[in-house]
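Peer 1: okay, here's the prediction I keep looking at, along with the sequence it came from:
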Amino acid sequence: MALDVLTLGEPLVAFVAVEGGSLADAATYRRHVAGAETNFAIGLARLGVRAGIVARVGDDGLGSAILRRLRAEGVDVGGVTVEAGAPTGVLIRERRALGPSEVLYRRSGSAGSHLAPADLEAAGGLRGARWLHVTGITPALSPSALAAVEAAIDLAKRAGATVSFDVNLRRKLWSEAEAASVFRRLAARADVVLGDPDELALATSVDDAAAGLLSAGTSVVVTKLGAEGVRARTSDGQDMAVPALPVRAVDPVGAGDAFCAGFIAARLDGLDVGAALRWGVACGAAVVSVDGDIDGLPTRPELERLLQAGAETIR
Ligand code: KDG
């Protein structure tokens, strides 16, 4: 099956505290499938986009749980390798509706961190995808994972596919200085760059980050402003903002990945940047209103209802 969108990254199993508050107090955890690119691919599949992921999971029960979930959601897993002898990556996090949650990673030496350019070749390359989506998490995992991201961008550029880069800084994986040099290289090759203001500032040396990225060749820069919504600036001079939906947030993690899925699905449907921002914002709101990174991702009919009715339906 030809794909519409390809992504690559580490699928994780997340153990999320059931009790709200600190990890020190949480005694019960619920298991979720997670990982920014996994969330994104499932978000696209729910919207009817043919999405595939190139990744590695361990030959263990958690890897099986990820594969089952990806298959059940309709994500193409032809590019997922099950690696014997390395564990599936794990994340443990607090559940907080507000403020940053403490996250512990157990992913050093994981199967996912062994992602390499050869995985992309084994998966059959882009498989016809018109869009490649990468995040700033994968390059932090290992030199071979960084090389895989760069090889995927090379392929996309040669094929004339659109490249989006969701900056996604993870300070527990690398330092800001290490991240910035890679982010700048990747952002300079991306058509669409997305991030919060701090992340975008790392992706360019120019003080007005969006202006810097646009002048370096990016077509659309999306600034994620959390509860204030999103703003997009384009290389043809458009500057627009869409407010966040006034949703009661149960679990804010995953909103950014959901936004990317909605935004990119809309662009693939031929919608303009303003409409794509609205799709992204609605997908993000749907996710934060439900526990976990993916359970709240809307199907296309659900998204249509959300866009018509706004926040009334997701309280
Ligand atoms: O965007 C949500 C992700 O942060 C989460 O699923 C875990 O991918 C993840 C990471 O590396 O932090």
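Peer 2: Ah, there it is. Every value quoted in this text rests on a predicted model; they were computed, and no experiment measured them.

Peer 1: what's the span of stretch 4-21, first residue to last?
Peer 2: 40 Å (CA to CA, to the nearest Å).

Peer 1: got the buried residues for it?
Peer 2: 4-17 (16 or more other CB atoms under 10 Å). All C-beta spots, glycine's among them, are computed from the backbone N, C-alpha and C.

Peer 1: redo these as a markdown table? Include secondary structure.
Peer 2: Converted to a markdown table, those look like this (DSSP: H, G, I helix; E, B strand; the rest coil):
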| residue | secondary structure |
| --- | --- |
| Asp4 | coil |
| Val5 | strand |
| Leu6 | strand |
| Thr7 | strand |
| Leu8 | strand |
| Gly9 | coil |
| Glu10 | coil |
| Pro11 | coil |
| Leu12 | strand |
| Val13 | strand |
| Ala14 | strand |
| Phe15 | strand |
| Val16 | strand |
| Ala17 | strand |
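
Peer 1: and the residues you listed near the ligand, which?
Peer 2: Leu12 (CB under 6 Å from any ligand atom).

Peer 1: from the buried residues of stretch 4-21, which is closest to Cys260?
Peer 2: Thr7 (9.3 Å; CB to CB).

Peer 1: show me what contacts the closest one?
Peer 2: If you count contacts by CB atoms under 8 Å, 6 or more residues apart in numbering, Thr7 has them with 37, 40-41, 51-54, 132-134.

Peer 1: distance of it relative to Ala227?
Peer 2: 27 Å (CB to CB, to the nearest Å).

Peer 1: repeat that for Val149.
Peer 2: Taken as CB to CB, the span from Val149 to Ala227 is 30 Å.

Peer 1: those two: which is more packed in?
Peer 2: Val149 (26 against 11; other CB atoms under 10 Å).

Peer 1: in a helix, that one, correct?
Peer 2: Yes: applying three-state DSSP, one finds Val149 inside a helix.

Peer 1: that older thread, redo the buried residues of stretch 4-21 as a markdown table? Include pLDDT.
Peer 2: As requested, those are arranged in a markdown table below (pLDDT from 0 to 100):
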| residue | pLDDT |
| --- | --- |
| Asp4 | 98 |
| Val5 | 98 |
| Leu6 | 98 |
| Thr7 | 98 |
| Leu8 | 98 |
| Gly9 | 98 |
| Glu10 | 98 |
| Pro11 | 98 |
| Leu12 | 98 |
| Val13 | 98 |
| Ala14 | 97 |
| Phe15 | 96 |
| Val16 | 93 |
| Ala17 | 94 |
